[in-house]
Each structure stands twice: as structure tokens, then as C-alpha cells.
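In: Quick check, what structure comes out for this input:
(one chain, ligands or ions: 4)
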Amino acid sequence: KGPTVQTDPPSVLISQLFPNNNYPKGEEVQYENENRYRTTDEEKRHLDHINSDFLSDYRQAAETHRQVRQWAQKNIKPGQTLTEIANGIEDSVRRLVGHDGLSEGDGIIAGMGFPTGLNLDEIAAHYSPNAGCKSVLQQNNVMKVDIGVHVNGRIVDSAFTMAFDPTYDNLLAAVRDATNTGVREAGIDVRLGELGGLIQEAMESYECEINGTTYPIKPIAGLTGHTILPYSIHGSKRVPSVKTDDTTKMEEGDVFAIETFGSTGTGRVRNQGEISHYALRRDAPKVDLHLASAKSLLSTIKKNFGTIPFCRRYLDRLGQEKYLLGLNNLVKSGIVEVYPPLVDKKGSYTAQFEHMQDDIA
Ligand SMILES: O=S(=O)(c1cccs1)N(Cc1ccc(F)cc1)Cc1ncn[nH]1
Ligand SMILES: [Mn+2]
Ligand SMILES: [Mn+2]
Ligand SMILES: [Mn+2]
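Out: Ligands and ions are numbered 1, 2, ... in the order given. Take a look at the predicted model:
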């Protein structure tokens, strides 16, 4: 029989807690006129049957994410290092999906969907500690925790912001309201640019007073929600946090991560600081590599991550050493894509809330 409740820290397999694949369904959105989109019941049953693996993989990843983020929200405290926080989250995810990502190909079956983002204050996204990072979480930090989980390449991408000082309550309320607005208004045939306008309205209705100065909350226009494809963290559709003239529509079968970022700074981010996030390009050019270390690193990346984003710590734990020259060679050759930290101006505070909405469930 085995355990029927989760431990602290999480260690019980999700597939153990929910036998024969009946994972909880996420929130489901009913469409106004059901029959306008849905095929006949017979076809729907058929479609759902084909999709059922896809759905059960997604729901297994989603339940893993849910249990790990709830544990993280309870257990992350000032005084912990970012490295400890990242390892605690990643070890929990790997235990729950039952894959440690250490034997070749194992990380491709299930595991981290991308590097654990731990983004402090003006850093909005794509920061994960590299080996040797000494940063310690402070009482007055605003930390965006971005966790990815995948099962058979079905990636769940969802994030939340932690602040221990109530000064930032309105900043966090702004992004929560903006993202909930985006999720609520999402749906088949919704135009992406219009959805951005609704998100912008919600976000800009907030302000935040910090040390006697009142800041309007600005959406970070360059950071968008996005479609997610199997083994690929971003598809071609984007959900902006501001009104745009993008008339592209949401379609049945699309899977979206709706994420909004608010800032007390300029509302614009730039690439800044040491890179931690990398990913093999799907459309990687066939380049003959002259550097032996680049060749062997490329095969390690293909075997352990495929096109799932990874970070330097994931190479460290695989026993890779002195890989930076080879990695930079793969980047220069256009084979590996980099995602530098995205940063607003020094002294500003950014917050994020990211939720997944699928038009399939
Ligand atoms: O900003 S993105 O690069 C993007 C590209 C196109 C549209 S949105 N990015 C995708 C991504 C890139 C690397 C990762 F390791 C994980 C995700 C959004 C995102 N970052 C974190 N959570 N969600
Ligand atoms: Mn994310
Ligand atoms: Mn995302
Ligand atoms: Mn790409």
C-alpha cells in the first residue's frame, strides 16, 4: 500500500499518491456556448482518449508543482542561501516525479522543466545561482520563485513572488490581480493584444509606497506569457502585459503560461549579469565543432536535457567539469541559446505571478 500522505520535505511519489493516473484536474474553464468549439461528444471522447496520456502527464507535472510550491512557500525564510533554496526545490521535484536526472536520458523522462528561478528585487527573471553563489535571502527582498516541472516533456511553468516585508503588499497584489485577469479572460478566439490591454488595466490600477515615496506599478512590457510545446518552453504566441496590436488569437489546443511582471522601476528590463540559463535550440544548425570539449558537452546536453532548458548547476551535478569553454563555443555556434538575467534599474522592485491555463482540460 505505502504512504498516502506527502512528507515535509516532499518525498512521496505523486504516482503513489494518485494511483492509476487519476491526478486531480486543474481549474477548468467552461466556454459560454459549449458546442461552438467542442466537436461532437463521440469525437470529443475520441480526442480525449488520444490526449489522455498528454493530460495525465500534464496533471502529474501540475500536482508535483503544486505540492513543491506549497512546501516552498512554507519553508523559504530569510537567512537561507539561494543555493540551499534551489536545491531544496529541485531535490523535491525529482523525488516526486521519481527521476533523479542523474542516469543518462533520465532527465528527459521527467524532472525539472527549466532552471529554478530565484530572482531578487530588480532582477525579474532567468537568475538561478551558479556554483559558488553566496547570496543569502534577506528580510527586505522581493523574490520571484519560478519553478518548472516536466513529465514526458509536458512542461508546467508557474511562478510566485515572496516578500517578508508588508511594504510590498500592493506590488504583489498588482501582479496577482493582473495575472488572474489574464487567466480569467483567456479563451479560444481571444486576441493576444487585447488580452494585454486587460492585464495592463489591472496592473496600472495599483501603486506602492516604499520608504515614503509612492510608485505607480508599471507592467514590464518586454516580459510576456507564452505558449508551451512538448519539450519546448516557449512557442510562438506571446501574451503581453500591455495593450498591443497583435491580433493573433488563442486557439483550441494551445497551452499558455500566463505571466505578468510589475515594477516600481522603469518597466523595461535589460540583459545583465552572469548567465545561468541555457537551452539546446530545436532548429540548431549542423555545425562541425572543432573543440573536442564542445563535442562531448553537446552529446551530454542532448542525452540529459534535449531541448529542455538547463543551468550550470545541472551540469555540475552530472559530474561535468571545466565545461565553460565548450559551452561558450556551443553558444557562439548558435547550437545553444542563452537566457541572461533580465533586470530593471538598480534599487527598483519587480514582482511576478505566473499561472498555466490550458484550453484542453
Ligand atoms: O522569457 S522567455 O525566454 C520567453 C520567450 C518567448 C516568450 S517568453 N521565457 C521562456 C523561458 C526561457 C528559459 C527558461 F529557462 C524558462 C523559460 C519565459 C519564462 N521564463 C521563465 N518562465 N517563463
Ligand atoms: Mn516561469
Ligand atoms: Mn513562462
Ligand atoms: Mn528558442
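
In: Could you tell me the model confidence score at the residue of the stretch 201-350 of the chain found nearest ligand 3?
Out: Closest to ligand 3 within the stretch 201-350 of the chain is Ala257: 4.0 Å, counting by Cβ to the ion. Placement of C-beta: from N, CA and C, glycine included. Per-residue confidence (pLDDT) for Ala257: 95.

In: Name the SS class of it, please.
Out: strand (DSSP: H, G, I helix; E, B strand; the rest coil).

In: Number of residues surrounding it?
Out: Using other Cβ atoms under 10 Å, Ala257 has 24 other residues around it.

In: got the residues of the stretch 151-300 of the chain near ligand 1?
Out: Selection of the stretch 151-300 of the chain residues close to ligand 1 by Cβ under 6 Å from any ligand atom yields Asp157, Thr224, His226, Ile233, His234, Arg238, Ala257, Glu259, His277.

In: May I ask which two of those residues are separated the most?
Out: The widest separation within those, taken as Cβ to Cβ, falls between Arg238 and His277 and amounts to 18.1 Å.

In: So those two - more neighbours on which side?
Out: Each of Arg238 and His277 has its neighbours counted (other Cβ under 10 Å); His277 has more, 21 against 18.

In: I'd like the average pLDDT over the helix or strand harbouring Gly326.
Out: Taking DSSP states H and E as the criterion, Gly326 maps to helix 324-332. Mean pLDDT, helix 324-332: 98.

In: how about that helix: buried residues?
Out: Gly326, Leu327, Asn329, Leu330 (16 or more other Cβ atoms under 10 Å).

In: chain center to the longest helix seen in the chain: distance?
Out: Secondary structure assigned by DSSP state H gives helix 41-75 as the longest helix of the chain. How far helix 41-75 lies from its chain's middle: 16 Å, per Cα atoms, centre = their mean, to the nearest Å.

In: which parts of that helix are buried?
Out: 54-69, 71-72.

In: Is ligand 2 within reach of stretch 303-323?
Out: No. Stretch 303-323 lies out of reach of ligand 2 by Cβ under 5 Å from the ion, never closer than 10.2 Å.

In: Which element, helix or strand, includes the spatially most central residue of the chain?
Out: What sits nearest the mean C-alpha location of the chain, by Cα atoms, centre = their mean, is Asp157, with 3.2 Å. Asp157 belongs to strand 154-163 when assigned by DSSP H and E.

In: Could I have the CA atoms of that strand written out in PDB?
Out: The C-alpha trace of strand 154-163 is given here as PDB (Å, rounded to 0.1, in the frame of the first residue of the first chain):
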ATOM      1  CA  ARG A 154       4.900  18.300 -20.800                       C
ATOM      2  CA  ILE A 155       6.200  21.400 -19.000                       C
ATOM      3  CA  VAL A 156       4.500  23.200 -16.200                       C
ATOM      4  CA  ASP A 157       5.800  26.800 -15.900                       C
ATOM      5  CA  SER A 158       4.400  28.600 -12.800                       C
ATOM      6  CA  ALA A 159       5.800  31.300 -10.500                       C
ATOM      7  CA  PHE A 160       5.000  33.300  -7.400                       C
ATOM      8  CA  THR A 161       6.600  36.200  -5.500                       C
ATOM      9  CA  MET A 162       7.700  36.100  -1.900                       C
ATOM     10  CA  ALA A 163       8.100  39.200   0.300                       C
END
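
In: Packing partners of that strand?
Out: helix 41-75, strand 110-120, strand 142-151, helix 169-185, strand 255-263, strand 350-358 (3 or more Cβ pairs under 8 Å, 6 or more residues apart in numbering; DSSP states H and E).

In: about what we covered before: tell me which other helices or strands the longest helix of the chain touches.
Out: Using 3+ Cβ pairs under 8 Å, 6+ apart: helix 41-75 touches helix 14-17, helix 82-97, strand 110-120, strand 142-151, strand 154-163.

In: OK, contacts around Thr83?
Out: Neighbouring residues of Thr83 by Cβ atoms under 8 Å, 6 or more residues apart in numbering: Pro129, Cys133.

In: Quick one: name the residues of the stretch 251-361 of the chain near ligand 2.
Out: Going by Cβ under 5 Å from the ion, the residues of the stretch 251-361 of the chain near ligand 2 are Glu354.

In: Can you list the residue ranges for strands in the stretch 251-361 of the chain?
Out: Using DSSP state E, counting those that start in this stretch, the strands of the stretch 251-361 of the chain run over 255-263, 270-271, 277-280, 310-311, 336-339, 342-343, 350-358.

In: ok, back up a step: for the buried residues of helix 324-332, give me JSON lines that also has distance to Arg281.
Out: What follows is the buried residues of helix 324-332, written out as JSON lines (distance: Cβ to Cβ, whole Å):
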{"residue": "Gly326", "distance to Arg281": "16"}
{"residue": "Leu327", "distance to Arg281": "14"}
{"residue": "Asn329", "distance to Arg281": "14"}
{"residue": "Leu330", "distance to Arg281": "10"}
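
In: residues contacting Glu274?
Out: Taking Cβ under 8 Å, 6+ apart, one finds Asn130, Pro341 in contact with Glu274.

In: Local confidence estimate at the closest residue to Ile155 other than its chain neighbours?
Out: Excluding the flanking residues, the one nearest Ile155 by Cβ to Cβ, 6 or more residues apart in numbering is Gly113, at 4.0 Å. We have a pLDDT of 98 for Gly113.
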